[in-house]
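S.K.: okay, here's the prediction I keep looking at, along with the sequence it came from:
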Amino acid sequence: MENRVWIIDEKETKSSGGSVIKWDDERFFTLTFNGKDFFGEILEEKSEDHKLKIKINHRVFEVKKKGELDELIAALGLDVQKVRKLKELQAPMPGRIVNIAVTVGQELVVGDEILSLEAMKMENVLKAEGVGTVKAIHIIQGQVVEKGAVLIEFE
(Lines give C-alpha, C1' and ligand atoms only; values in the text may rest on other atoms or scores of the structure.)
Protein backbone atom coordinates (compact mmCIF):
# COMPACT_ATOMS: atom_id res chain seq x y z
CA MET A 1 0.00 0.00 0.00
CA GLU A 2 1.22 3.51 -0.79
CA ASN A 3 2.86 5.47 2.02
CA ARG A 4 1.56 9.00 2.53
CA VAL A 5 3.44 11.76 4.31
CA TRP A 6 1.52 14.04 6.67
CA ILE A 7 2.80 16.85 8.85
CA ILE A 8 1.14 16.69 12.28
CA ASP A 9 2.11 19.38 14.78
CA GLU A 10 5.08 20.24 12.48
CA LYS A 11 6.47 16.65 12.53
CA GLU A 12 6.51 14.38 9.49
CA THR A 13 4.41 11.26 9.92
CA LYS A 14 4.08 8.43 7.38
CA SER A 15 0.92 6.40 7.07
CA SER A 16 0.01 3.41 4.97
CA GLY A 17 -3.73 3.24 5.53
CA GLY A 18 -5.59 1.07 8.02
CA SER A 19 -7.99 3.73 9.27
CA VAL A 20 -11.57 4.69 8.45
CA ILE A 21 -13.28 8.06 8.85
CA LYS A 22 -17.07 8.30 9.19
CA TRP A 23 -18.44 11.83 8.86
CA ASP A 24 -21.35 12.80 11.13
CA ASP A 25 -21.72 16.17 9.36
CA GLU A 26 -19.37 18.69 7.73
CA ARG A 27 -17.58 19.37 11.04
CA PHE A 28 -17.72 16.23 13.24
CA PHE A 29 -16.34 12.78 12.46
CA THR A 30 -15.40 9.42 13.99
CA LEU A 31 -11.95 7.99 13.19
CA THR A 32 -11.61 4.21 13.59
CA PHE A 33 -7.99 3.02 13.83
CA ASN A 34 -6.94 -0.51 14.83
CA GLY A 35 -10.50 -1.20 16.02
CA LYS A 36 -10.62 1.83 18.34
CA ASP A 37 -12.90 4.85 17.81
CA PHE A 38 -11.65 8.43 18.17
CA PHE A 39 -14.10 11.35 18.05
CA GLY A 40 -13.01 14.38 16.07
CA GLU A 41 -13.97 17.89 15.11
CA ILE A 42 -12.59 20.26 12.48
CA LEU A 43 -11.75 23.51 14.28
CA GLU A 44 -10.19 25.48 11.43
CA GLU A 45 -9.69 24.86 7.73
CA LYS A 46 -6.95 26.68 5.80
CA SER A 47 -7.41 25.11 2.40
CA GLU A 48 -5.08 27.61 0.68
CA ASP A 49 -2.22 26.29 2.86
CA HIS A 50 -3.48 22.65 2.80
CA LYS A 51 -3.82 22.74 6.61
CA LEU A 52 -6.44 21.66 9.11
CA LYS A 53 -6.72 22.25 12.83
CA ILE A 54 -8.59 19.31 14.31
CA LYS A 55 -9.54 18.13 17.77
CA ILE A 56 -9.52 14.39 18.46
CA ASN A 57 -10.62 13.19 21.90
CA HIS A 58 -10.06 16.68 23.40
CA ARG A 59 -6.52 17.05 21.94
CA VAL A 60 -5.84 19.65 19.23
CA PHE A 61 -3.63 18.89 16.20
CA GLU A 62 -2.43 20.92 13.22
CA VAL A 63 -2.43 18.64 10.17
CA LYS A 64 -1.00 19.22 6.69
CA LYS A 65 -0.73 16.76 3.84
CA LYS A 66 2.70 16.87 2.26
CA GLY A 67 2.32 17.10 -1.49
CA GLU A 68 4.67 16.15 -4.31
CA LEU A 69 5.66 19.76 -5.00
CA ASP A 70 6.30 20.83 -1.37
CA GLU A 71 10.08 20.14 -1.48
CA LEU A 72 10.49 22.02 -4.79
CA ILE A 73 8.43 24.96 -3.53
CA ALA A 74 10.52 25.10 -0.33
CA ALA A 75 13.80 24.87 -2.27
CA LEU A 76 12.73 27.83 -4.41
CA GLY A 77 11.78 29.80 -1.29
CA LEU A 78 8.20 30.17 -2.43
CA ASP A 79 6.75 28.71 0.79
CA VAL A 80 7.63 31.81 2.83
CA GLN A 81 4.59 34.00 3.27
CA LYS A 82 5.09 37.66 2.48
CA VAL A 83 4.28 40.02 5.32
CA ARG A 84 3.12 43.52 4.54
CA LYS A 85 5.07 46.44 6.02
CA LEU A 86 2.78 48.87 7.85
CA LYS A 87 2.87 52.52 6.77
CA GLU A 88 -0.14 54.12 8.47
CA LEU A 89 -3.43 53.21 10.06
CA GLN A 90 -6.47 55.11 8.83
CA ALA A 91 -9.87 55.13 10.47
CA PRO A 92 -12.02 52.58 8.60
CA MET A 93 -15.19 54.41 9.74
CA PRO A 94 -16.12 57.49 11.76
CA GLY A 95 -16.13 56.90 15.49
CA ARG A 96 -14.66 57.58 18.93
CA ILE A 97 -11.27 56.25 20.11
CA VAL A 98 -11.96 54.04 23.15
CA ASN A 99 -8.48 52.63 23.81
CA ILE A 100 -4.98 52.98 22.36
CA ALA A 101 -3.04 49.74 22.90
CA VAL A 102 0.33 50.81 21.44
CA THR A 103 3.09 53.29 22.26
CA VAL A 104 5.63 55.11 20.11
CA GLY A 105 8.59 52.82 19.37
CA GLN A 106 6.60 49.62 19.88
CA GLU A 107 7.17 46.88 17.30
CA LEU A 108 4.06 45.16 15.95
CA VAL A 109 3.47 41.83 14.24
CA VAL A 110 0.39 40.59 12.41
CA GLY A 111 -2.58 40.31 14.77
CA ASP A 112 -1.34 42.67 17.50
CA GLU A 113 -4.06 44.95 18.89
CA ILE A 114 -3.54 48.60 17.94
CA LEU A 115 -6.64 50.42 19.19
CA SER A 116 -10.37 50.22 19.83
CA LEU A 117 -12.79 52.42 17.90
CA GLU A 118 -16.44 52.80 18.91
CA ALA A 119 -18.81 53.25 15.99
CA MET A 120 -22.61 52.94 16.04
CA LYS A 121 -22.52 51.74 19.70
CA MET A 122 -20.15 48.87 18.80
CA GLU A 123 -16.52 48.63 19.86
CA ASN A 124 -14.21 47.57 17.01
CA VAL A 125 -10.70 46.34 17.81
CA LEU A 126 -8.26 47.27 15.05
CA LYS A 127 -5.35 44.84 14.71
CA ALA A 128 -2.08 44.98 12.78
CA GLU A 129 -2.37 43.57 9.26
CA GLY A 130 1.43 43.65 8.82
CA VAL A 131 4.65 44.40 10.68
CA GLY A 132 6.13 47.73 11.69
CA THR A 133 7.25 50.07 14.45
CA VAL A 134 4.96 52.81 15.77
CA LYS A 135 6.43 56.16 14.65
CA ALA A 136 3.67 58.59 15.70
CA ILE A 137 0.24 58.48 17.32
CA HIS A 138 -2.04 61.27 16.04
CA ILE A 139 -5.04 60.63 18.29
CA ILE A 140 -5.93 60.58 21.97
CA GLN A 141 -8.38 58.45 23.90
CA GLY A 142 -11.93 59.80 23.64
CA GLN A 143 -11.24 61.71 20.40
CA VAL A 144 -13.85 61.54 17.63
CA VAL A 145 -12.35 60.77 14.20
CA GLU A 146 -13.68 60.81 10.64
CA LYS A 147 -13.38 57.96 8.16
CA GLY A 148 -9.96 57.99 6.47
CA ALA A 149 -8.25 60.08 9.16
CA VAL A 150 -4.64 59.00 9.77
CA LEU A 151 -4.57 57.63 13.31
CA ILE A 152 -1.08 56.10 13.62
CA GLU A 153 2.08 56.22 11.48
CA PHE A 154 4.64 53.40 11.28
CA GLU A 155 8.26 53.22 10.21
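M.R.: That came through fine.
S.K.: domain ranges for this structure, per the record?
M.R.: 4-75, 88-154 (automatic domain parsing).
S.K.: tell me which of these sits most buried.
M.R.: Each of the domains of the chain was scored by mean neighbour count; the highest is domain 88-154, a mean of 15, by mean count of other Cβ atoms under 10 Å. The C-beta positions use only the backbone N, C-alpha and C, and glycine is treated the same way.
S.K.: next secondary structure element downstream of whichever strand or helix holds E62?
M.R.: For E62, the host element (DSSP states H and E) is strand 59-65. With elements assigned by DSSP H and E, the helix or strand that comes after strand 59-65 is helix 70-75.
S.K.: what lies in contact with the helix or strand that that following helix is followed by?
M.R.: The first helix or strand that comes after helix 70-75 along the chain, using DSSP H and E, is strand 88-90. Applying Cβ atoms under 8 Å, 6 or more residues apart in numbering, the set of residues contacting strand 88-90 from outside is 114-115, 126, 148-154.
S.K.: counting by contacts, list what the helix or strand following strand 88-90 packs against.
M.R.: Once strand 88-90 ends, the next helix or strand along the chain (criterion: DSSP H and E) is strand 95-100. In this structure, strand 95-100 makes packing contacts with strand 113-119, strand 144-145, judged by 3 or more Cβ pairs under 8 Å, 6 or more residues apart in numbering; DSSP states H and E.
S.K.: right, and the ones you listed - which one's nearest L86?
M.R.: Taking Cβ to Cβ, strand 113-119 is the member of the helices and strands packed on strand 95-100 nearest to L86, at 9.2 Å.
S.K.: okay, and the closest residue in space to R27 that isn't next to it in sequence sits in which element?
M.R.: Excluding the flanking residues, the one nearest R27 by Cβ to Cβ, 6 or more residues apart in numbering is I42, at 5.3 Å. In the assignment (DSSP H and E), I42 maps to strand 36-46.
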